[in-house]
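**Q** coords please:
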Amino acid sequence: MLARNDDAALDAGPRRAPGSERLCILTREVRPVADLIRFVAGPDGEVVPDLKRRLPGRGVWVTATRAAVAEAVKRRAFGRGFKAEMRVAPNLADIVERLLEQSVLDALGIARKGGRAALGFVQVERALGREPVVALLHAAEAGHEGVRKLAGAARNRRGENAGDLPVVDRFTGAQLDLAFGRPNVVHAALLAGSASDGFLARYRSLERFRAIGPGGQEC
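**A** Next comes the predicted model:
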């Protein structure tokens, strides 16, 4: 819905602003905080992304898409939102995307430490037959044959519901190696649990940021 009061653009801080909705300084629409990214003013007046919504100080909010952040920079919406001259990195959308991507990869490490990850083709195939797998991961450069065989194993276990299993193949093997803390990760599976749920939530946020425009349209 459209906001009626432009003064709502600047929040009172992460702990002092009640409610679960905020005003997007670009679209001037009130949205759930889950659909927005918070930004705060750094000590030097630079606009800083606050993905966890915990940084001190007053902040402004932008719809959580790459196109919206880039457009907010282009239209100088941050200066109007903060009601002050602000230093805004011209590549702010790139910075936010890298932070979101790192958050997703960090979640893989958490899943690994919590025993919620099966790594390697054999372990993934075994998990698909025995465990509650909630996501498959393949390195971006993974061979077609290995991906095909694991998709077949998923179909054998899940039947017509196999298409509902999330498949993540955007990360390189080097990124997966670093995230899981072991070399040569080409295939992985995440098992049911809160750590895996956290990964999926972060990954969906990253995908939405990359793929959807400021008004909700596909880019």
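**Q** what about the helices in the protein?
**A** Assigned by DSSP state H, the helices in the chain fall at 66-74, 77-82, 92-113, 121-130, 144-158, 173-180, 194-211.
**Q** Now render these as a markdown table, adding mean neighbour count.
**A** From N, CA and C alone the C-beta is placed, and that goes for glycine too. Formatted as a markdown table, those follow (neighbours: other Cβ atoms under 10 Å):
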| stretch | mean neighbour count |
| --- | --- |
| helix 66-74 | 21 |
| helix 77-82 | 21 |
| helix 92-113 | 18 |
| helix 121-130 | 17 |
| helix 144-158 | 15 |
| helix 173-180 | 18 |
| helix 194-211 | 18 |
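**Q** which residues touch the residue of the chain most remote from its centre?
**A** No residue in the chain has its C-alpha farther from the mean C-alpha position than residue 156, which lies at 30.4 Å (Cα atoms, centre = their mean). By Cβ atoms under 8 Å, 6 or more residues apart in numbering, the residues touching residue 156 are 128, 129.
**Q** hmm, 6 Å instead?
**A** For residue 156, no contacting residues are found, by Cβ atoms under 6 Å, 6 or more residues apart in numbering.
**Q** and this protein, what are its domains?
**A** 6-90, 98-209 (automatic domain parsing).
**Q** Could you tell me the least trusted of the ones you listed?
**A** Mean pLDDT is lowest for domain 6-90 among the domains of the chain, at a mean of 91.
**Q** What is the neighbour count of residue 91?
**A** The tally of other residues near residue 91 (other Cβ atoms under 10 Å) stands at 12.
**Q** From residue 102, how far out is it?
**A** Distance from residue 91 to residue 102, counting by Cβ to Cβ, to the nearest Å: 16 Å.
**Q** Equivalent analysis for residue 41, please.
**A** 22 Å.
**Q** likewise residue 186?
**A** Distance from residue 186 to residue 102, by Cβ to Cβ: 21 Å.
**Q** my read: residue 139 touches residue 173, true?
**A** Yes: shown here, residue 139 and residue 173 form a contact pair, counting by Cβ atoms under 6 Å, at 3.8 Å.
**Q** Need the overlap of contacts for those two.
**A** Joint contacts of residue 139 and residue 173 (Cβ under 6 Å, 6+ apart) are residue 186.
**Q** tell me the contacts of the residue nearest to residue 80 when sequence neighbours are not counted?
**A** Using Cβ to Cβ, 6 or more residues apart in numbering and skipping residues adjacent in sequence, the residue nearest residue 80 is residue 25, 6.8 Å away. Residue 25 sits next to 9, 60, 77, 81 when contact means Cβ under 6 Å, 6+ apart.
**Q** Run through the bridge partners of the nearest residue to residue 57 once chain neighbours are set aside.
**A** Spatial nearest neighbour of residue 57, chain neighbours left out: residue 40 (4.9 Å); criterion: Cβ to Cβ, 6+ apart. Taking DSSP bridges as the rule, residue 40 bridges to residue 48, residue 59.
**Q** what's the neighbour count on residue 40?
**A** By other Cβ under 10 Å, neighbour count at residue 40 equals 21.
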